[in-house]
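**Student:** Any chance you can model this:
(3 chains)
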Amino acid sequence: MSWDPVYRFVQRIPRGSVLTYGALARALRLPGGARSAGRAMAATPSGKGIPWHRVVGERGKILIREPYASLQKKLLESEGVKIVESRVDLRRHLWKPSRKAPLKHKVTRKRTRK
DNA sequence: CATCTGACGACCG
DNA sequence: GCGGTCGCCAGAT
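**Tutor:** Prediction:
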């Protein structure tokens, strides 16, 4: 599975903003929905400047487990994102992707049904 | 090939 | 708001 489109999209999230797995999945039409977004993020290649920490759960909650949860919180706070009870204030930081079709490349997926 | 396991989220009580 | 169940589906075992 090539998650490249996901990573490219995540890289567009501006500093100080966050996106939810669900929104990410919907924006890219990921087969499998939010959970696919989660799988993609779990496989995020490190050292490529991908701001993986800007992706949180539907209600702004940090869903990843330790030790990464702490790192994510730290990274977000360093960008000015306030976190309360492991939760981001989505009303202030949720990023609204531009409606400019971000789907230049479709996410490739294994054929489930032929 | 059979099962299990999630960086999810909708639903329900 | 919280916890449990369920659908989802790629990888790992």
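
**Student:** For chain A, which segments count as strands?
**Tutor:** Under the criterion DSSP state E, chain A carries strands at the ranges A:19-20, A:55-56, A:83-84, A:87-88.

**Student:** Give me whichever of those is most buried.
**Tutor:** Mean neighbour count (mean count of other CB atoms under 10 Å) peaks for strand A:55-56 among the strands of chain A, with a mean of 26. In this view, the C-beta of every residue, glycine as well, is placed from N, C-alpha and C.

**Student:** Packing partners of it?
**Tutor:** Judged by 3 or more CB pairs under 8 Å, 6 or more residues apart in numbering; DSSP states H and E, strand A:55-56 is in contact with strand A:19-20, helix A:21-28.

**Student:** That strand - which strands sit beside it in the sheet, and in what orientation?
**Tutor:** Strand A:55-56 has the following sheet partners, assigned by DSSP bridges: strand A:19-20 (parallel).

**Student:** now check the partner strand, is it near DNA strand B?
**Tutor:** Yes - using CB under 7 Å from any atom of the strand, strand A:19-20 reaches DNA strand B at A:Thr20.

**Student:** circling back to that earlier point, in JSON lines, list the strands of chain A along with distance to DNA strand C and mean pLDDT.
**Tutor:** Formatted as JSON lines, those follow (distance: least, CB to the nearest atom of the strand, whole Å; pLDDT from 0 to 100):
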{"stretch": "strand A:19-20", "distance to DNA strand C": "14", "mean pLDDT": "95"}
{"stretch": "strand A:55-56", "distance to DNA strand C": "14", "mean pLDDT": "96"}
{"stretch": "strand A:83-84", "distance to DNA strand C": "11", "mean pLDDT": "92"}
{"stretch": "strand A:87-88", "distance to DNA strand C": "8", "mean pLDDT": "92"}
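
**Student:** between those strands, which gets nearest to A:Gly38?
**Tutor:** Across these, A:Gly38 has its closest neighbour in strand A:55-56 (8.6 Å, CB to CB).
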